[in-house]
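Undergrad: Please work out how this folds:
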Amino acid sequence: MLELLEKLEDYYEDGVMCDSETQKEQIWQISEGISMAASGYGLTFKFDISLDSKDFNDIIEKTNERVHHLGGRVLGHGHIGDGNLHLNTAMKGFNDLENAKKIKEAL
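TA: Residues are numbered from 1 along each chain as shown. Next up, the predicted model:
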């Protein structure tokens, strides 16, 4: 795993390797809470995408380019080891269905 992290070090900002089962459970709770927190901001479009971990940031930036002008906020987090990206795009509130439709089309 350390070998993989060293190869990908230009593509991530921070990470954690667990030393115990307790720490692993705590990290999973944080990870699962990220998508829930995005939903607290407003209507959230959620995707799980499988791709090379080196491409995570590129997909997040390109998604942001498509929705930022519509008020969409992009949050991505994932698993470097298995190439799974959780890509969330949230808009403030839940009532602007016209804007939600525009964001959905942009995505």
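Undergrad: what sits up against the helix or strand of the chain with the lowest mean pLDDT?
TA: Across the helices and strands of the chain, the lowest-confidence element by mean pLDDT, DSSP states H and E is helix 2-7, at a mean of 76. Identification of contacts with helix 2-7 by Cβ atoms under 8 Å, 6 or more residues apart in numbering yields 15, 17, 80-81. C-beta: built from backbone N, CA, C; applies to glycine.
Undergrad: ChimeraX command for the buried members of the residues you listed?
TA: For the buried members of the contacts of helix 2-7, the matching ChimeraX selection, counting by 16 or more other Cβ atoms under 10 Å, is:
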select :80
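Undergrad: what comes up buried for the lengthiest helix in the chain?
TA: Ordering each helix of the chain by length in residues (DSSP state H) puts helix 21-41 first. Of the residues in helix 21-41, those scored as buried under the neighbour-count criterion (16+ other Cβ under 10 Å) are 35, 38.
Undergrad: quick one: average confidence on that helix?
TA: If you average the pLDDT over helix 21-41, you get 88.
Undergrad: Kindly report the same for stretch 8-17.
TA: In this model, stretch 8-17 carries a mean pLDDT of 74.
Undergrad: And that stretch, what's buried?
TA: Within stretch 8-17, the residues that count as buried by 16+ other Cβ under 10 Å are residue 8.
Undergrad: For that stretch, measure first residue to last.
TA: Chord length of stretch 8-17, first to last residue, is 15 Å (Cα to Cα, to the nearest Å).
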